[in-house]
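**Q** A structural model of the following input is requested.
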Amino acid sequence: MLPWKRVLRPLAALLLTAAVAVVPAATTAQAAETGTASSTGWNDYSCKPSAAHPRPVVLVHGTLANSVDNWLGLAPYLTGRGYCVFSLDYGQLPGVPFFHALGPIDKSAEQLSAYVDKVLAATGAAEADLVGHSQGGMMPRYYLKFLGGAGKVNALVGIAPNNHGTTLGGLTNLLPYFPGAGDLLNTTTPALAQQVVGSEFMNKLNAGGDTVPGVRYTVIATKYDEVVTPYRSQFLSGPDVRNVLIQDLCAVDISEHAFLGLTDRIAFHEVANALDPARATPTTCASVFS
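**A** This next block holds a predicted model:
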């Protein structure tokens, strides 16, 4: 084994350990494994969309997250506003509980496709709206573009989405200097390798344009993002696109990549605006209290 590999594997374990320290208690993670969160108000398959909010909302978590922990802030925010809200787990690796979205992204998109069908069948709705954080804001674009999702989705809202690949602040530029590093990422955590700027997956996803007709796109980004870099690479080009920098709405909002999706009620307000633009209200620093 090359010496750097002996360093990389313990480092990966350390990152996973750190992730455990920042996610909520194992009780919620256990709920994520069973795919249920109905006791908290979402993933209630008896929920029928109202006339005011006629489409169910499907929440798509990010890398190393799950269907409960990623949404302990946003899901109650939306259910409290009368939405039928659902969330799925995807991209699971064998023997890795709780920390998902690590498997091949194209296969994760197939899981999303099946889940949207399940939600539409349960609710009787013709279309869904998708809201995703990080990889969860980008992966659905594969579903929309290659798996027929455009006919079943009205809007995609990406919170800090990795739409064009990340440099991780320049760290990915070091991969060529470590022989076999790319292969190791591809083998052990395919989704991480696929999210690097210039990857084959990213080139395929964005070839021919960022968007597909018939879907409204919103991107909500923060200039303090340290994971998807540069942050402007998150923005999309095309018709029916709204790119939002959260600091343009509230200059003192210092949320970085994780907190933008986990706790930022200013971002949540902008999500609600994107889901219901006809009833949108201005998003400001005061939106944290709304």
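**Q** Quick check: closest non-adjacent residue to Val244.
**A** Excluding its sequence neighbours, the residue lying closest to Val244 (C-beta to C-beta, 6 or more residues apart in numbering) is Ile220, at 4.9 Å. C-beta: built from backbone N, CA, C; applies to glycine.
**Q** Confirm that that neighbour lies within a strand, as I assumed.
**A** Yes: assigned with DSSP: H, G, I helix; E, B strand; the rest coil, Ile220 falls within a strand.
**Q** if I read this right, it contacts Ser134, doesn't it?
**A** No: at 11.6 Å, Ile220 does not count as touching Ser134 under the criterion of C-beta atoms under 8 Å.
**Q** three-state assignment of Gln247?
**A** helix.
**Q** how deep is it tucked in, by neighbour count?
**A** Neighbours of Gln247 under the rule other C-beta atoms under 10 Å: 16.
**Q** give me every residue that touches the nearest residue to Phe289 once chain neighbours are set aside.
**A** Residue nearest to Phe289 in three dimensions, not counting chain neighbours: Arg265, with 7.8 Å by C-beta to C-beta, 6+ apart. By C-beta atoms under 8 Å, 6 or more residues apart in numbering, Arg265 lies in contact with Gly73, Tyr77, Ser287, Val288, Phe289, Ser290.
**Q** Are there residues contacting both of Ile220 and Ser134? Which ones?
**A** Joint contacts of Ile220 and Ser134 (C-beta under 8 Å, 6+ apart) are Ile159, Ala160.
**Q** Roughly how far does the spatially closest residue to Gly62 that is not a sequence neighbour sit from Ala65?
**A** Of all residues not flanking Gly62 in the chain, Ser134 sits nearest, at 3.1 Å (C-beta to C-beta, 6+ apart). Plainly put, Ser134 is 8 Å away from Ala65 if you go by C-beta to C-beta, to the nearest Å.
**Q** ditto for Leu262
**A** 9 Å.
**Q** So what sits opposite Val196 in the bridge?
**A** Thr166 (DSSP bridges).
**Q** Tell me how many other residues crowd it.
**A** 20.
**Q** is it true that it touches His164?
**A** No: when contacts are counted by C-beta under 8 Å, Val196 is not listed as touching His164 (10.8 Å).
**Q** Which neighbours do those two have in common?
**A** Common neighbours of Val196 and His164 (C-beta under 8 Å, 6+ apart) are Met202.
**Q** Please enumerate the strands of the stretch 151-290 of the chain.
**A** Listed in chain order, the strands of the stretch 151-290 of the chain (DSSP state E, counting those that start in this stretch) span 153-159, 216-221, 241-245.
**Q** Please state the offset of the first one from the chain centre?
**A** In terms of C-alpha atoms, centre = their mean, to the nearest Å, the centre of strand 153-159 is found 10 Å from the chain centre.
**Q** which residues in the stretch 1-150 of the chain form strands?
**A** Using DSSP E, counting those that start in this stretch, strands in the stretch 1-150 of the chain cover 57-60, 85-88, 128-133.
**Q** Tell me which of these lies nearest to Ser46.
**A** Among the strands of the stretch 1-150 of the chain, strand 85-88 comes nearest to Ser46, with 11.8 Å by C-beta to C-beta.
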